[in-house]
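Undergrad: Structure here, sequence nowhere to be found:
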């Protein structure tokens, strides 16, 4: 199981997601460009000392990430408010990449088209979205539960 962040633009959310990945033993992928320098103080503060405990793989662009993913034959599961299928109705696999878009703009249509699955976290009508770090925690928890992927070594 892996988490991928498409051009993240809020350092505190990215740091929180990287901390989540460290604690649950999953690899994290950052698709550049990020909207902040990854050495930014807020990014480091949110990730705390956990950043040294997570495997972070950086991809220079969407094209670089997509080429890597296709070479590895990994399934891309996109979490988006534009989806219709609830995330709890999806059958996750241990090789899935759970992708989350930019906080300010989501992902472009090319990313939507490349995804093997597009999933929604249902919410009350009239509300825009759940914080990306909260959404990542919900999604990763369910995916690991389904795949018995909690590896706390």
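TA: On my side now, so go ahead. Remember, predicted model here, so these are calculated numbers, not experimental data.

Undergrad: CA atoms for contacts and neighbours, from now on please.
TA: Fine.

Undergrad: So, low pLDDT: which residues of this protein?
TA: 38-48, 150-153 (pLDDT under 70).

Undergrad: Helices of this protein, residue ranges please.
TA: 11-24, 41-47, 62-72, 109-114, 132-147 (DSSP state H).

Undergrad: Out of those helices, flag the one nearest residue 99.
TA: Residue 99 sits nearest to helix 132-147 of all these, at 8.5 Å, using Cα to Cα.

Undergrad: List of residues touching that closest one?
TA: Contacts to helix 132-147, defined as Cα atoms under 8 Å, 6 or more residues apart in numbering, come from residues 1, 3, 13-14, 16-17, 20, 87-88, 91-94, 98, 100, 103, 121, 149-150.

Undergrad: so how many other residues sit close to residue 122?
TA: Neighbour count for residue 122, taken as other Cα atoms under 10 Å: 15.

Undergrad: what does the one 5 residues further on give?
TA: Residues contacting residue 127 under the criterion other Cα under 10 Å number 7.

Undergrad: With residue 77 instead?
TA: 23.

Undergrad: likewise residue 71?
TA: Applying other Cα under 10 Å, we find 9 residues neighbouring residue 71.

Undergrad: what does residue 103 give?
TA: Neighbour number of residue 103 under other Cα under 10 Å is 19.
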